[in-house]
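Participant: Okay, here's the prediction I keep looking at, along with the sequence it came from:
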Amino acid sequence: MTTVATPTIVQLPAFVIHGIGTRTTNADELGVTNARLPQLWASYLHYKGQHPDLSSSDAPTYALYTDYESDATGAYTVVIGQQAEDPSHASESAQRQLEITVPASRYMVFTTPKGPVFETVAQTWGMIWNYFEDASEVRTYTGDFEVYESTANPEQSEVKIYIAIQ
C-alpha cells in the first residue's frame, strides 16, 4: 500500500457548492449491494455532461461529506458538485441542484498518491480513519470534502481531502 503525504493544516472560509446528493454510511459503502456513492458519481457525471454550463467549466468538482449523524460510523450526506461563484446568479442547471454551504473551519488536508482515482481516494480515507484514532487533532464532523481538478486524468489523479478539525 502506498503512503499519503504528511497532511497540512489550513483555515478556510465558508463557500457554497451546487450538486446532487445522497445519504449513506461507511458500512454500506464497503459492500456492493448497498453502496450509493458509485451511483451518485455516475448520476453526477451524467448530469454534468447534459449541461454545457457545467461540463465546459474548468472548476474543480467537490465531494462534500456533511450532516454527520455522529462520527465515521454513523450516517452522513454526500453532495457532489461545483463551487457556486455567485449564488444569486446561478445557472438554470445549478438552480435545480442542492445548494449547500461548506463550513468555515480549520482543515487537515491529505493528498492522495497519484493513481486510479477511486482506488487512491478509498485507500486514503482508510488511512485518514486510522490517523485520527491516535491523533492529537480532533475531527469536528461538520463537513469534510474532496477536491477533484477538472483537468486530472482519472487513472493518474491526485485528490486533496479536507477534514474539518477543532
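Facilitator: Yep, it's here.
Participant: Report the helix or strand with the lowest average pLDDT across the chain.
Facilitator: helix 92-95 (a mean of 50; mean pLDDT, DSSP states H and E).
Participant: need the next SSE after it, C-terminal direction.
Facilitator: Using DSSP states H and E, the helix or strand that follows helix 92-95 in sequence is strand 98-102.
Participant: So in that sheet, which strands flank that next one, and in what orientation?
Facilitator: strand 15-24 (antiparallel) (DSSP bridges).
Participant: what's in contact with the strand it pairs with?
Facilitator: 34-37, 39-40, 43-44, 47, 62, 64, 67, 75-84, 87, 90, 94, 97-102 (C-beta atoms under 8 Å, 6 or more residues apart in numbering). Backbone N, C-alpha and C define where each C-beta goes, glycine included.
Participant: Which helix or strand contains the residue nearest in space to the middle of the chain?
Facilitator: Nearest residue to the geometric centre of the chain (C-alpha atoms, centre = their mean): Ala63, 2.4 Å. Using DSSP H and E, Ala63 maps to strand 61-66.
Participant: ok, and what's touching that strand?
Facilitator: 17, 19, 44, 48, 76-83, 100, 102, 142-148, 150.
Participant: In helices only, show me the residues you listed.
Facilitator: Among the contacts of strand 61-66, the members falling in helices (DSSP state H) are Tyr44, Lys48.
Participant: For PyMOL, write the selection for the buried entries among the contacts of strand 61-66.
Facilitator: Buried residues among the contacts of strand 61-66 (16 or more other C-beta atoms under 10 Å), as a PyMOL selection:
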select buried, resi 17+19+44+48+76+77+78+79+80+81+82+83+100+102+142+143+144+145+146+147+148
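Participant: follow-up on the earlier one: let's see the pLDDT reported for the residue nearest to the centre of the chain.
Facilitator: Model confidence at Ala63, given as pLDDT, is 97.
Participant: gap between it and Gln166?
Facilitator: 22 Å (C-beta to C-beta, to the nearest Å).
Participant: Okay then, goodbye and thanks.
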